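Asker: What follows is a predicted structure for the sequence shown.
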Amino acid sequence: MGEVKGEHLFVNVGASQARRRLKHFGHGVRKVQSAGKNQAVVIHTATGRHLEESEAKFADVGFSHNEHDMSEPIGNLRNLGEASAPWLREAGVLTIADLSRLGPVAAYRIVKQRHPQVTLNLLWSLAAGLGGKDWRDLGEEEKRELLNELREDT
């Protein structure tokens, strides 16, 4: 059995979730396989309108036609709980690269506007996650700096 031929669409959901989103969809989907944690590649032959419809299935989580342009999904960021990743995606922060460009304070502010129940633990989690550490290891000085930045723009 040879390699499946077709174009690649890299998506920021796991392979099983990608399959569920594409169930009964058709439109040239040949195969869906894992491409890492919470990432999959859809091998397809879709073009034109069918390709646009395929892409629309993943617009809420992010997709790319090139593996190198694909950033890790925000759900892979260390420290995020079950609710945090969907809140961030809803706020337009789909990938860790998006969060890095925006910054933890701005991302926190956007989520807080939409979900007033959000606590400062989300801010600590975002900042620590970008730094590759546990949110509980964020020092008091780092927290003070984040709070100062948060207050500056309000």
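Answerer: Done, it's in.
Asker: what's the model's confidence in stretch 126-146, averaged?
Answerer: Rounded to a whole number, the mean pLDDT of stretch 126-146 is 94.
Asker: What distance do you get for R78 to V41?
Answerer: In this structure, R78 and V41 are separated by 24 Å, where distance is defined by C-beta to C-beta, to the nearest Å. (Glycine included, C-beta is placed from N, CA and C.)
Asker: Comparing the two, which residue is more hemmed in?
Answerer: Using other C-beta atoms under 10 Å as the criterion, R78 and V41 rank with V41 on top: 19 against 14.
Asker: Backbone torsions only: list them for that one.
Answerer: phi -120, psi 130 (degrees, to the nearest 10).
Asker: can I assume it is in contact with R19?
Answerer: No: at 12.0 Å, V41 does not count as touching R19 under the criterion of C-beta atoms under 8 Å.
Asker: Overlap of the contact sets of those two?
Answerer: The overlap between the contact sets of V41 and R19 (C-beta atoms under 8 Å, 6 or more residues apart in numbering) consists of V32.
Asker: Report all helices and strands that the longest helix along the chain contacts.
Answerer: Taking DSSP state H as the criterion, the chain has its longest helix at helix 140-152. Taking 3 or more C-beta pairs under 8 Å, 6 or more residues apart in numbering; DSSP states H and E as contact, the helices and strands that helix 140-152 lies on are helix 104-114, helix 120-130.
Asker: What residues sit buried inside it?
Answerer: For helix 140-152, the neighbour count (16 or more other C-beta atoms under 10 Å) marks L146, E149, L150 as buried.
Asker: Stretch 95-110 too?
Answerer: Neighbour counts over stretch 95-110 (16+ other C-beta under 10 Å) mark T95, I96, D98, L99, L102, P104, V105, A106, A107, Y108, R109, I110 as buried.
Asker: what mean pLDDT does that stretch have?
Answerer: This predicted structure assigns stretch 95-110 an average pLDDT of 95.
Asker: Now the terminal residues of it, how far apart.
Answerer: Its first and final residues considered, stretch 95-110 spans 15 Å by C-alpha to C-alpha, to the nearest Å.
Asker: For the lowest-mean-pLDDT helix or strand in the chain, give me every contacting residue.
Answerer: The helix or strand of the chain with the lowest confidence, counting by mean pLDDT, DSSP states H and E, is strand 63-64 at a mean of 90. Applying C-beta under 8 Å, 6+ apart, the contact partners of strand 63-64 are L9, F10, V11, N12, E55, M70.
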